[in-house]
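Visitor: Requesting a structural model of the entry that follows:
(4 chains)
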Amino acid sequence: MKQSDNKTIRRSDDKTNYEPKIVAFLCNWCSYAGADLAGVSRFQYPPNIRVIRVPCSGRINPLYIIKALQSGVDGVLVSGCHPGDCHYISGNLFARRKFALMKKFLDYLGIEPERVQFSWVSAAEGARFAEIIKKVTNDIKKLGPLTYFRKDFEKTGKVL
Amino acid sequence: MLKEKRNLMLYKQDFEKFFRLLSETFTIFGPSKTDGSRSFTKIDASDEIAFDYENTKMSLKEFFFPQTETLFFFDTEKNEVKQTDVETNKHDKQNILFGVRPCDAMSISFLDKVFNANNPQDLYYTRRRKSTRIVSFACTNPASTCFCTSVGCGPDSETGADIIFFELNGRYFIKTVTPEGEKTIKSAEKLLNPATKNDIEEKVHLMKTANSNLKKIFDSGNLQKKLDNFNAPYWGKLHRKCLGCGICTYLCPTCHCFDITDEVIKSNGRRIRTWDSCMFSLFTLHASGHNPRPTQKERMRQRIMHKFNYAPKYYGKTFCVGCGRCVIYCPVNMDIRDVMKEIMEER
Amino acid sequence: MNNPYVPMPVRISDIITENEARDIKTFKLIFENKEDEKKFSFLPGQFAELSILGFGECPIGIASSPTEDGFLLFTVKRAGVVTTRLHRAEIGETIGIRGPLGNTYPIQDMEGHNVLIIGGGFAFTTLRSTIKYILEKRNRGSFKDLTVIYGARNPGELIYKDELWQWEKQSGMKTYITVDKGDKNWNPLTLPSPRCPPPYPPPTSGGGQRRGYYVGEGLKEGGRYEGFVPTILKEVAPSPKDTIALICGPPIMIKFTLPILTNLGFVPESIFLSLEMRMKCGIGKCGRCNIGHKYVCKDGPVFAYAELQRLPNEY
Amino acid sequence: MRQIEYEIINTVEKLFADKKIDIFIGYKKGTLSLQTSPYFLSEQDDVRKLVWNSFCSNNLAVFIPRIIPNSKSKESKPVGILCKGCDSRSLVGLIKEKQINRDNLFIIGISCPGIVDRRKILSRLDGKEIIGIDEDADSIVVKLKDGEKRFEKEEYLCESCLNCAHPTPSIYDVLIRGAVYSLQAITPDPITKDFSSKPREERWKIFETEVSKCIRCYACRDACPNCYCKECFAEQTKPQWLGVSKGLSEVIFYHIVRILHQAGRCVDCGACVRACPMDINLRLFTRVMVDEVKERFGYEPGISLKDTPPLATFSADDKQEFMTEPE
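Guide: Numbers count the residues shown, from 1 in each chain, chains lettered A, B, ... in the order given. This next block holds a predicted model:
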């Protein structure tokens, strides 16, 4: 996760003009193409997402999501092909089960469910992609920055 | 300069005053009642101290050699080391570790040999060590898991301590062990009286009972010779129930192995040292994939040998103080006393 | 007071790719601060911790000789996190160094004696330092005959090639170079011409016939071979008289070399090995590189075979 | 209890006599009161040292992947093992995930009356030294220097045993029947139900305080039979997912990912809780996954060798109410 584009998104703990940082894991065959389509079709959506392209939503290990949250993002979106449309036949259906458990568990621990979201976006759904990004960004904006377990040794690294 | 160790008495009703006088010049740490004497924490009032604890869960080493320590901070963008506060920070206020068990106090004298010795000196450890006095508390009621007398320690061992307290009936018998200890109690001098013959007798009697409660299970000198047999058959068996977790080494007051790694967030980074354990499979894994200790057998052997054979050869001391933490907390009840017995019985 | 954990800055002034597989590179380092350079006095056999901020440290043997002024050489094989990053480094980059660490080859004991150097693979680094040290004009007189036996998997894997070809020709030392498997340019010495100097530079096409290594007598001036180091050692059969042997190489090579040296009549006290272990602190505190009660980082990495025999066989 | 102990000893003796096994894993008397220790015995060893009581807390299945390293290799003789209900469920998981071969095991199943939590008893003794222990069907009698103390087992069982649905082993070669502590198992477990009813901030606070005690000894992982990965994510260096410091962020990361990794595998044996030296109440967080897997996929790990693990399969009409839809 390269964080060189800090200029465009200024993060601030001040809630009013706070811009969340969101990582979007997009499946190569549908959602990534959907995002592309949203771009070429000029559908406007908030610039808060950083896209990481993955071969399939089934490739997502819960580890990646937790790592992203720990590394300083405020929310994560995972998006893949609609059920039945997976390029690898059933990758997204396996993934759906993992997502269900993960969603439940993070909610149970006390992390807001809006922090980690999952969606299906096909290659033809540019508009839907833009809508989903809008929703996710708004949700996370409302929650404010994630402070739960972001790694920050500047505060804790003090010696005795 | 201290000519001889002094024996002093303090009445229990004066302890509160004594504590307050000391806390004017020192920050006091001790086993606190609030966290169930899990570790040594800052004590603000004398009644927070848990006197009757057996042993803290975390050993004293944590205080001088914390689980995670920043060696220095750096900036990866500028590619430069920002100095730590080890050189710059002056710690004006000195610390007292109060109510340390003699075994823990002794363990610090071992860690001194590793970190404080001039070969070269470990500044991080030394700095804390220099600013800290250890006031130990003799054990009058040792736990069933204690085996300090087997490894050359004891319920009234003075090694490593600056002052040692003995709890007598209604009063404390205080013995100053080092010049630093003498300086420590200077401010509370007026509360202290010289010990009488009676007091000394009572103390001697008290420790006799405590000592008799501790069974000597093995002799560490003989054990060292016995362990010279590196390929003894028992190594093939002993480790079998070991899970390979790091409880025994992390809770051990003398285990001091560590790892050095870098952590980076954006361009801020720090080099840290963290506890590591010879029980972990990755401990000795080379980058090439070769591992000199590939199975739990070798790792278990390393732990035992390091404490009872290598350390005596290298530092002249058996690196075990018999605190019993590894015995209490091992999830599979791998009792080091049993292991020792088995080794001693082997012909 | 010096903090033993803080690295000194050094600049990479040159990078040489040593082998065909391109996973061994030699880095030429120059101190950023002159005082650091003065403090860094070492002898052949010692190592140092190279550190890259954000990646960590790795212990590497010093390949340059103390007689080479103004720079340090480190030959690094790409293996772990730090070395992989180091291999991506560019000339001009600043890295860190901590050292010198460990003990040295027994230079004083070696003085006035013949020296036999046996190296394998890329573990030749500290041995190169030793050879350079001995060959230095003002030191050369202190040592008697110098014999070098060096082997690698194939000609492409030989490191310090330029110097090897030079040493082959140099008088006052015998250089035996061997590869496990030669290629068409590798021209091992063959029976009819035992004293024939090796072709230099290696022929570009055709080359000599590959007929395996030479078996026989009379090879006194060194040469090129095909075969494993222990085998060549057996053929070369250096005299144990008044000789100190230094070995550094992969464990398997060491394992087969030691019995041959013993058979030749070398006593364990005259054989010195340089060992490798996983290290972190390099100053005998972090407690992972011990072999028995010796720390490889502090009491080693050089051990007399006699000493090693008394230690557990766990490396 | 004694009766069952004899039965175990006789069975094992016979197994050795018939040359059916070379090694047997059971329990022997521990060196501390209220504790037993895993016992590896071969033919030469003393079979009569085997014990069976309310303190046989270790999940012995954890040793199986370590001593039978390869699932494909057929050992000449199977390994004998004493299995409680939860141990056998762990074994089922290992067999299903091809870590071991069923033919390599000789399982002496034992229906389990529940394991007594020694920490619960110790906390009632105020650090007094225990001289002896007596056990009958319903209670534990702890003998102290100054008298005795009686503890009703029912109150002092481990949390995971209190809500155990399958105290009788699901697979075995020989089953030794004994008293089974029978309580109606409830899903979801009361502790998770109670926890989920708390406000969000409080839940996180509890989670944070619990795991902040962690010293990263990895005992929870090493005591877990289903944590069999040769290389754990926590120790990987390429890439390094997890830092090695004791910081809260790392500890939280480790526990979340470990628990998620165990989802669909965890048989709620409580081995991690009992192994933890810092008394972290791990079950508060692990149990919820067990309940969720059962509710969502109708799957209970370790019950049958036939059904597919929930995350290794799917159904076209799995519920997906949690997916984000545009507003």
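Visitor: D:R119 in helix, strand or coil?
Guide: helix (DSSP: H, G, I helix; E, B strand; the rest coil).
Visitor: Look up how far D:E159 lies from it.
Guide: Distance, D:R119 to D:E159, using C-beta to C-beta, to the nearest Å: 11 Å. (Glycine included, C-beta is placed from N, CA and C.)
Visitor: which of those two has more neighbours?
Guide: Per other C-beta atoms under 10 Å in any protein chain shown, whichever of D:R119 and D:E159 has more neighbours is D:E159, with 18 against 14.
Visitor: give me the number of residues near the nearest residue to that one once chain neighbours are set aside?
Guide: Spatial nearest neighbour of D:E159, chain neighbours left out: D:R283 (5.4 Å); criterion: C-beta to C-beta, 6 or more residues apart in numbering or on different chains. Number of residues near D:R283 (other C-beta under 10 Å) recorded here: 23.
Visitor: can I assume D:R283 is in contact with D:A271?
Guide: No - in this structure D:R283 lies outside contact range of D:A271 using C-beta atoms under 8 Å: 10.3 Å.
Visitor: where along the chain do the helices fall?
Guide: Chain wasn't specified; assuming chain A. Secondary structure of chain A (DSSP state H): helices at A:31-40, A:62-70, A:91-109, A:126-143, A:153-156.
Visitor: my question was about chain C
Guide: Taking DSSP H, the helices of chain C run over residues C:34-39, C:81-87, C:107-110, C:125-135, C:137-140, C:161-169, C:229-236, C:251-264, C:305-310.
Visitor: Same check on the stretch 201-327 of chain D?
Guide: D:219-222, D:248-262, D:271-275, D:283-297 (DSSP state H, counting those that start in this stretch).
Visitor: now swap in the stretch 1-150 of chain D and tell me
Guide: D:2-17, D:64-67, D:85-96, D:118-122.
Visitor: So for chain A, which of those sits nearest?
Guide: helix D:85-96 (16.3 Å; C-beta to the nearest C-beta).
Visitor: now that closest one against helix D:248-262, angle please.
Guide: 80 degrees (axes from the mean of the first three to the mean of the last three C-alpha atoms, to 10 degrees).
Visitor: Just the residues contacting helix D:85-96, thanks.
Guide: D:59-62, D:64-65, D:81, D:83, D:100-102, D:105, D:107, D:109, D:111-112, D:160, D:164, D:166-172, D:225-226, D:228, D:265, D:267-270, D:301-305, D:309 (C-beta atoms under 8 Å, 6 or more residues apart in numbering or on different chains).
Visitor: Same question for it: list its buried residues.
Guide: D:G85, D:C86, D:D87, D:S88, D:R89, D:S90, D:L91, D:V92, D:G93, D:L94, D:I95, D:K96 (16 or more other C-beta atoms under 10 Å in any protein chain shown).
Visitor: Check what pLDDT the third one gets.
Guide: The score at D:D87 is 93. That number is its pLDDT.
Visitor: Identify the residue spatially nearest to it, adjacent ones excluded.
Guide: D:A61 is the one closest to D:D87 (C-beta to C-beta, 6+ apart), at 4.8 Å.
Visitor: Might one say that the one you found is in contact with D:K84?
Guide: No - if you go by C-beta under 8 Å, D:A61 and D:K84 don't touch, sitting 9.6 Å apart.
Visitor: These two: which has the busier surroundings?
Guide: Ranked by neighbour count (other C-beta under 10 Å), D:A61 and D:K84 place D:A61 first, with 31 against 28.
Visitor: wait, what's in contact with that one?
Guide: Taking C-beta under 8 Å, 6+ apart as the test, what D:A61 contacts is D:I81, D:C83, D:D87, D:S88, D:S90, D:L91, D:L94, D:P225.
Visitor: of those, closest to C:G284?
Guide: D:P225 (38.8 Å; C-beta to C-beta).
Visitor: give me phi/psi at that closest one?
Guide: With angles defined as degrees, to the nearest 10, D:P225 sits at phi -60, psi -30.
Visitor: Would you mind pulling up the elements that the lowest-mean-pLDDT helix or strand in chain C packs against?
Guide: Scoring the helices and strands of chain C by mean pLDDT, DSSP states H and E places strand C:222-226 at the bottom, with a mean of 74. Secondary-structure packing of strand C:222-226 (3 or more C-beta pairs under 8 Å, 6 or more residues apart in numbering or on different chains; DSSP states H and E): helix C:161-169, strand C:173-179.
Visitor: Look up the pLDDT of residue 76 for me, please.
Guide: This is for chain A. At A:V76, pLDDT is 95.
Visitor: um, chain D though
Guide: pLDDT at D:S76 comes out at 70.
Visitor: Apart from its chain neighbours, what residue comes closest to it?
Guide: In space, D:S76 is closest to D:D22, 7.8 Å off (C-beta to C-beta, 6+ apart).
Visitor: I'd say that neighbour and D:L41 touch.
Guide: No - with contact defined as C-beta under 8 Å, D:D22 does not count as touching D:L41 (10.2 Å).
Visitor: Settle it for me: which of these two has more neighbours?
Guide: More crowded of D:D22 and D:L41, by other C-beta under 10 Å: D:L41, with 18 against 15.
Visitor: So what sits opposite the more buried one in the bridge?
Guide: Note on D:L41: beta-bridge partners by DSSP bridges are D:F24.
Visitor: And it, how far from chain A?
Guide: 40 Å (C-beta to the nearest C-beta, to the nearest Å).
Visitor: wouldn't that residue be in contact with D:R48 here?
Guide: No - using C-beta under 8 Å, D:L41 is not in contact with D:R48; the gap is 10.2 Å.
Visitor: re the thing from before, adding mean pLDDT, write the helices of the stretch 201-327 of chain D out as JSON lines.
Guide: Shown next, in JSON lines, are these (pLDDT from 0 to 100):
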{"stretch": "helix D:219-222", "mean pLDDT": "93"}
{"stretch": "helix D:248-262", "mean pLDDT": "93"}
{"stretch": "helix D:271-275", "mean pLDDT": "93"}
{"stretch": "helix D:283-297", "mean pLDDT": "92"}
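Visitor: What about whichever residue of chain C sits closest to chain B, how many residues nearby?
Guide: Relative to chain B, the nearest point of chain C is C:G80 (3.2 Å; C-beta to the nearest C-beta). Using other C-beta under 10 Å, C:G80 is surrounded by 19 other residues.
Visitor: Would you mind measuring from whichever residue of the stretch 101-250 of chain C sits closest to chain A to C:L308?
Guide: Nearest to chain A, among the residues of the stretch 101-250 of chain C, is C:L101, at 24.9 Å (C-beta to the nearest C-beta). C:L101 sits 19 Å away from C:L308, going by C-beta to C-beta.
Visitor: now D:S315
Guide: 63 Å.
Visitor: More neighbours: the two, which one.
Guide: More neighbours surround C:L308 than the other of D:S315 and C:L308, with 22 against 12 (other C-beta under 10 Å).
Visitor: Just to check, the more buried one is in contact with C:E269?
Guide: No - between C:L308 and C:E269 there is no contact under C-beta under 8 Å: 11.1 Å.
Visitor: And the furthest pair within the buried residues of helix D:85-96?
Guide: The most distant members of the buried residues of helix D:85-96, if one measures by C-beta to C-beta, are D:G85 and D:K96, lying 16.8 Å apart.
Visitor: how far out from the middle of the chain is stretch B:39-57?
Guide: Offset of stretch B:39-57 from its chain centre (C-alpha atoms, centre = their mean, to the nearest Å): 15 Å.
Visitor: What of stretch D:174-182?
Guide: 17 Å.
Visitor: Only C-alpha atoms, please: export it in CSV.
Guide: Taking Å, rounded to 0.1, in the frame of the first residue of the first chain, the C-alpha atoms of stretch D:174-182 are listed here in CSV:
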residue,chain,number,x,y,z
VAL,D,174,-13.0,-48.9,21.7
LEU,D,175,-15.4,-46.9,23.8
ILE,D,176,-15.3,-46.8,27.5
ARG,D,177,-18.6,-45.7,28.8
GLY,D,178,-18.8,-43.8,32.0
ALA,D,179,-20.9,-41.1,33.6
VAL,D,180,-21.6,-38.3,31.2
TYR,D,181,-22.2,-34.9,32.6
SER,D,182,-25.4,-34.1,30.9
